[in-house]
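Just the structure for this:
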Amino acid sequence: MNPHIPAGAGHEVVVTGIGLVAGRLTDPEALFDHLAQGNTLIAEHPLHKEWGVPCAVSAHIDPAVRRSLEEAVPPEARPLGPAGALAWHAAAQAWERSGLPRRLDSERGGVFLACNRMVMEPAELAGLADHVDFEAGALDLDAYLDAGGPDPRRHERVQPDTATARLADYFGAAGVLETHADACAAGGMAIGSAYRYIRSGTLDVALAGGAESLTTLASVAAFYGIGALAPAGDRDAAELSRPFDKDRSGFVIGDGAAFLVLESRAHAEARGARVLARVAGYAGVTEAVKMTSSSRDGSDYATCIRAALADGGLTPDDIDHVNAHGTSTEANDTCEAAALHTVFGERVGRIPVTGNKSAMGHSLANSGAAEAVLSVLSLQRQAVLPTLNFHEPDEVTRGLDIVTEQRHTPVTTVLSNSFGFGGQNCSLILAQAG
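Residues are numbered from 1 along each chain as shown. You can find the predicted model right below:
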């Protein structure tokens, strides 16, 4: 929390544009409708079996959709890697929907992108492996470089801040540039940081969101190696991600991008913009209990949620919907469920809880941004999305109101949680425009 800004003080921050790409879908409303009907984005990946990956399912971007998005990136924004191309589409869509001019040309605009560092693609790994002496555990670097080595411009594709800079240049919003790599909390952290800059009066406008392209051989193998991915077993792909369910066994990895345009209310109203929602509170809290999990009693997550409430001058009674982090891992869901019990007490069973990752998979840095976009649409439509594959709670998740079918209900204030590896915890509060 910014010590220079008292809770609830400063400029009011509103959302005026949203953009998103996920699976085959390239706009937020289409995704909301898809999820509301109980559909999933999780399917068998066309290359995972070929690679010999044990977890051959993911919430990947459809290959044809990816090609079309990459072809649509304007020349001045190239080269961008796989995540950058997704970011470009979602960001441009949010910007256009906000009604802002194509170029802001103001130092009072900023770009806040969440994206974890890209990893090597299979072809790059194969080229490197040709020069490895596996018995000696040594790489013949000279031979690798003589054979051509890595693409000399590869760093532009794999460095996430390349996309941040290109977006800032394109939209003329280079007052503040931030690239967040706070693991699974990065998307929420990027939005939260943008919110603070606007609330303090430093910026008038911010483009904030996340993008991730992680359904690659190296990423999938790494997460499988630490036991974080759900094993396929005999279940269908659509049944693997099971947030808060007793039989949850790990997350399903995904790709995607999502952005919001944030503005001070005064700036938005001065230009006659349509206000979709407002950012009512935020907290980013770091702890170091364990690399892959937090305190099982939920105390670290509870601290984060309470800090977000305090930031907005709110109480637990003000929250009427929770868009949960809900990764479907045993440890994370236990921590989050315990935190919700701690913060909301006996009222917890009357607050509808949604786990979007049950249908969208977990796109790490992008997840918090995508869930923020869906939370905005919940506020717009007065509807709560379902959590797929929830059948029976365990001792800790028992008592939560896990929504399993779309529910039309008054939604005025949404708590959206993102809790990441390494103790990066984030809670955003989004509310009706007012």
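
Quick one: name whatever helix or strand follows the helix or strand harbouring residue 18.
Per DSSP states H and E, residue 18 falls inside strand 13-21. Going down the chain from strand 13-21, the next helix or strand is helix 28-36, by DSSP H and E.

Show residues contacting that following helix.
18-20, 22-23, 25, 41, 258, 356, 359-360, 373-374, 376-377, 381, 383, 385-386, 406 (CB atoms under 8 Å, 6 or more residues apart in numbering). All C-beta spots, glycine's among them, are computed from the backbone N, C-alpha and C.

switch the cut-off to 6 Å
Helix 28-36 is contacted from outside by 18, 20, 22, 25, 359, 373, 377, 385, 406, using CB atoms under 6 Å, 6 or more residues apart in numbering.

May I see the buried residues of that helix?
Buried residues in helix 28-36, counted by 16 or more other CB atoms under 10 Å: 28, 31, 32, 34, 35, 36.

Just the mean pLDDT for the longest helix seen in the chain, thanks.
Assignment by DSSP state H gives helix 82-98 as the longest helix of the chain. The average of the pLDDT scores along helix 82-98 is 96.

How about stretch 313-330?
97.

okay, how far is it across it, tip to tip?
Taking CA to CA, to the nearest Å as the measure, stretch 313-330 stretches 32 Å from start to finish.

who's in contact with it?
Outside of stretch 313-330, the residues within contact range by CB under 6 Å, 6+ apart are 7-8, 241-243, 248, 250-251, 281, 336, 343-344, 351-355, 357, 362, 371, 375, 384, 411-419.

likewise stretch 178-191?
Contacts of stretch 178-191 (CB under 6 Å, 6+ apart): 112-114, 116, 160-161, 164, 193, 208, 210, 284, 364-369, 372, 418, 420-422, 424, 426, 428.

for it, which positions count as buried?
In stretch 178-191, counting by 16+ other CB under 10 Å, buried: 178-191.

could those be laid out in a markdown table, adding distance to residue 147, pLDDT and secondary structure?
Formatted as a markdown table, the buried residues of stretch 178-191 follow (distance: CB to CB, whole Å; pLDDT from 0 to 100; DSSP: H, G, I helix; E, B strand; the rest coil):
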| residue | distance to residue 147 | pLDDT | secondary structure |
| --- | --- | --- | --- |
| 178 | 38 | 97 | strand |
| 179 | 32 | 96 | strand |
| 180 | 36 | 95 | strand |
| 181 | 31 | 91 | coil |
| 182 | 37 | 87 | coil |
| 183 | 34 | 88 | helix |
| 184 | 37 | 93 | helix |
| 185 | 40 | 95 | helix |
| 186 | 35 | 96 | helix |
| 187 | 38 | 97 | helix |
| 188 | 42 | 97 | helix |
| 189 | 40 | 97 | helix |
| 190 | 39 | 98 | helix |
| 191 | 43 | 98 | helix |
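
What's the local residue count around the nearest residue to residue 199 once chain neighbours are set aside?
Leaving aside its chain neighbours, residue 199 sits nearest to residue 10 (3.9 Å; criterion: CB to CB, 6 or more residues apart in numbering). If you count neighbours by other CB atoms under 10 Å, residue 10 ends up with 17.

gap between residue 10 and residue 278?
13 Å (CB to CB, to the nearest Å).

got any residues that touch both of the two?
Shared contacts of residue 10 and residue 278, defined by CB under 6 Å, 6+ apart, are absent.

Which residue ranges of the stretch 51-200 of the chain form helices?
63-72, 82-98, 122-129, 141-146, 154-158, 160-171, 186-199 (DSSP state H, counting those that start in this stretch).

how far is the fourth one from where the chain is centred?
Shown here is helix 141-146, whose average C-alpha point lies 38 Å from the average C-alpha point of the whole chain (CA atoms, centre = their mean, to the nearest Å).

Identify all contacting residues around it.
Helix 141-146 is touched from outside by residue 131, with contacts defined as CB under 6 Å, 6+ apart.

Format the CA atom coordinates belonging to that helix as CSV.
C-alpha atoms of helix 141-146 as CSV (Å, rounded to 0.1, in the frame of the first residue of the first chain):
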residue,chain,number,x,y,z
LEU,A,141,29.6,-23.4,-27.1
ASP,A,142,32.0,-22.7,-29.9
ALA,A,143,30.5,-25.4,-32.1
TYR,A,144,27.0,-24.1,-31.3
LEU,A,145,27.9,-20.6,-32.3
ASP,A,146,29.8,-21.8,-35.4
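
For residue 244, which three-state class applies?
Classification of residue 244 using DSSP: H, G, I helix; E, B strand; the rest coil returns coil.

Next: the one 4 residues further on.
The assignment at residue 248 comes out as coil when based on three-state DSSP.

how many other residues sit next to it?
A count of neighbours around residue 248, defined by other CB under 10 Å, yields 26.

do the same with residue 105
Neighbours of residue 105 (other CB under 10 Å): 11.

so how far is residue 112 from it?
The value you get for residue 105 to residue 112, if CB to CB is used, is 19 Å.

do the same with residue 335
Taking CB to CB, one finds residue 335 at 26 Å from residue 112.

How about residue 140?
From residue 140 to residue 112 the distance is 42 Å (CB to CB).

Now do the contacts for residue 255.
Contacts of residue 255 were listed using CB under 6 Å, 6+ apart, and they are 60, 61, 213, 215, 363.

how about the residue nearest to residue 199, secondary structure?
Assignment for residue 10 (three-state DSSP): coil.

Next: residue 325.
Residue 325 - assigned by three-state DSSP - is coil.

Dump the buried residues of stretch 178-191 to CSV, plus distance to residue 223.
Listed next are the buried residues of stretch 178-191 as CSV, based on distance: CB to CB, whole Å:
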residue, distance to residue 223
178, 26
179, 22
180, 20
181, 16
182, 17
183, 12
184, 11
185, 16
186, 16
187, 18
188, 20
189, 20
190, 22
191, 24
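
Which parts of the chain belong to which domain?
The record's domain parsing of the chain by automatic domain parsing lists 13-118+159-431, 123-158.

among the ones you listed, which is the most enclosed?
Each of the domains of the chain was scored by mean neighbour count; the highest is domain 13-118+159-431, a mean of 22, by mean count of other CB atoms under 10 Å.

how far does that domain stretch from start to finish?
With CA to CA, one end of domain 13-118+159-431 sits 11 Å from the other.

Now do that domain: distance to the chain's middle.
Distance, centroid of domain 13-118+159-431 to centroid of chain: 3 Å (CA atoms, centre = their mean).

Just the local confidence number for the spatially most central residue of the chain, please.
Centroid-nearest residue in the chain: residue 367, 1.9 Å away (criterion: CA atoms, centre = their mean). We note a pLDDT of 97 for residue 367 in this prediction.

what sits up against the helix or strand harbouring it?
Element membership for residue 367, per DSSP H and E: helix 367-381. Here helix 367-381 makes contact (CB under 6 Å, 6+ apart) with 15, 18, 20, 28, 32, 187-188, 191, 209-210, 256, 258, 276-277, 323, 356, 384, 411, 414, 416, 418, 428, 430, 432.
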